[in-house]
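1. Got a sequence here, can you model it:
(one chain, ligands or ions: 4)
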Amino acid sequence: MTANAKRISLTQYLVEEQRLHNTVPGELRLLIEVVARACKTISHAVGKGALGEVLGSAGIENVQGEVQKKLDVLSNEILLEANEWGGHLAAMASEEMETIHPIPNRYPMGEYLLLFDPLDGSSNIDVNVSIGTIFSVLKAPEGMVTPTEEDFLQPGAKQVAAGYAVYGPQTVLVLTTGDGVNCFTLDREMGSWVLTQRNMQIPVDTKEYAINASNARHWYPPVQRYINELQQGKTGPRGKDFNMRWIASMVADVHRILNRGGIFMYPADAREPNKPGKLRLMYEANPMSFIVEQAGGAATNGTQRILDIQPESLHQRVAVFLGSKNEVEHVTGYHRDA
Ligand code: AHG
Ligand code: MN
Ligand code: MN
Ligand code: MN
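-> Ligands and ions are numbered 1, 2, ... in the order given. Sure, this is the predicted structure:
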């Protein structure tokens, strides 16, 4: 973006989407702006590092069986407090909360449901590697009076908005409302989100894959065979050399793929035979799959489109293969042939 190019803020972008393209209703615009403001607050806390009260463990186990980091808890609180009073939400759900969080009676109840992973990549917090926030927006079912967990259990295809923030060398917010994917960079001096990439498109082919290779001995045959063929490089069946990246913050791996292509995988493996993988469907896989598809990519669980999965519980896990369309279709084929 050249210095004197007209800067378009997140607010202006959303107002234009609302007024010119009629894709973003007013209440949804308000919701997205509130979440974006909360991400700014989280970014500020993350940036303090050892100078703030944000590093290290909170010493409490969450519903996932993970020991929460202080920043997991703080980020969750920031998102709850920012979104309770606005009148645009009926309830919230979070990786860090066992049950849903209805809007307190003293505030007006709105028509949307917000789900979030308040701090993604927690294992990277204390070592200054990029981390982020992921969020997903659903409409509350018609006629809902008192929100329940069941109201959240809608397939990812029903999302009306999804986004993530990356707290890295730059703080960026990537957003879709179903009309393409746009990236906003935080102007720290002005405190505003500035549109820096319009209509992001993932290259349909790639030479870069992302998987935690330390789990190789636990992978099931389709993944073993697929990765083995990638590793044979130019002289192997794929006829090209592949590079590998694994940041262990989904937001950072997905952001790289949105920018230069790639395939991100977190498959089911033999470590937990009764679990389909590590990542959570409702607030990691669904929002990221919506974004990836809107950018011309693909996202499956190895056999079906992630956005078509009918959720059965709020914290259910799912296998994830997402990114460059042709590569995702290729690896999905290995599972169908299995
Ligand atoms: P979270 O920090 O929200 O629990 O998510 C971590 C996820 C995801 O961000 C990342 O891709 C993956 O876990 C990393 O898993 P490994 O540590 O097993 O590689
Ligand atoms: Mn996460
Ligand atoms: Mn998290
Ligand atoms: Mn976690």
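2. Contact partners for the nearest residue to residue 209 once chain neighbours are set aside?
-> Excluding the flanking residues, the one nearest residue 209 by CB to CB, 6 or more residues apart in numbering is residue 263, at 5.0 Å. Backbone N, C-alpha and C define where each C-beta goes, glycine included. By CB atoms under 8 Å, 6 or more residues apart in numbering, residue 263 lies in contact with 206, 208, 209, 210, 257, 321, 322, 323, 324, 327, 328, 331.
3. any low-confidence regions in this structure?
-> 1-4 (pLDDT under 70).
4. Now do the contacts for the residue in it that ligand 2 sits nearest to.
-> Using CB to the ion, the closest approach of the chain to ligand 2 is made by residue 120 at 3.5 Å. Contact analysis of residue 120 by CB under 8 Å, 6+ apart lists 131, 132, 133, 134, 164, 249, 250, 251, 284.
5. now it: how far from ligand 3?
-> Separation of residue 120 from ligand 3 (CB to the ion, to the nearest Å): 5 Å.
6. Tell me where the stretch 201-338 of the chain has helices.
-> Per DSSP state H, counting those that start in this stretch, the stretch 201-338 of the chain carries helices over the ranges 221-231, 250-260, 286-294, 325-337.
7. and the closest residue to residue 56 other than its chain neighbours, how many neighbours?
-> Once flanking residues are discounted, residue 56 sits nearest to residue 70: 5.8 Å by CB to CB, 6+ apart. Counted by other CB atoms under 10 Å, the residues lying close to residue 70 total 21.
8. If you tally nearby residues, what's the number for residue 222?
-> 19.
9. For it, which non-adjacent residue is closest in space?
-> The shortest distance from residue 222 to any non-neighbouring residue, by CB to CB, 6+ apart, is to residue 334 (4.1 Å).
10. residues contacting the one you found?
-> 222, 223, 225, 226.
11. Repeat the analysis, applying 10 Å as the threshold.
-> Residues in contact with residue 334 (CB atoms under 10 Å, 6 or more residues apart in numbering) are 221, 222, 223, 224, 225, 226, 227, 229, 302, 321.
12. how about the residue nearest to the third one when sequence neighbours are not counted, phi and psi?
-> Right, residue 223. Once flanking residues are discounted, residue 223 sits nearest to residue 267: 4.8 Å by CB to CB, 6+ apart. Main-chain dihedrals, residue 267, degrees, to the nearest 10: phi -80, psi 170.
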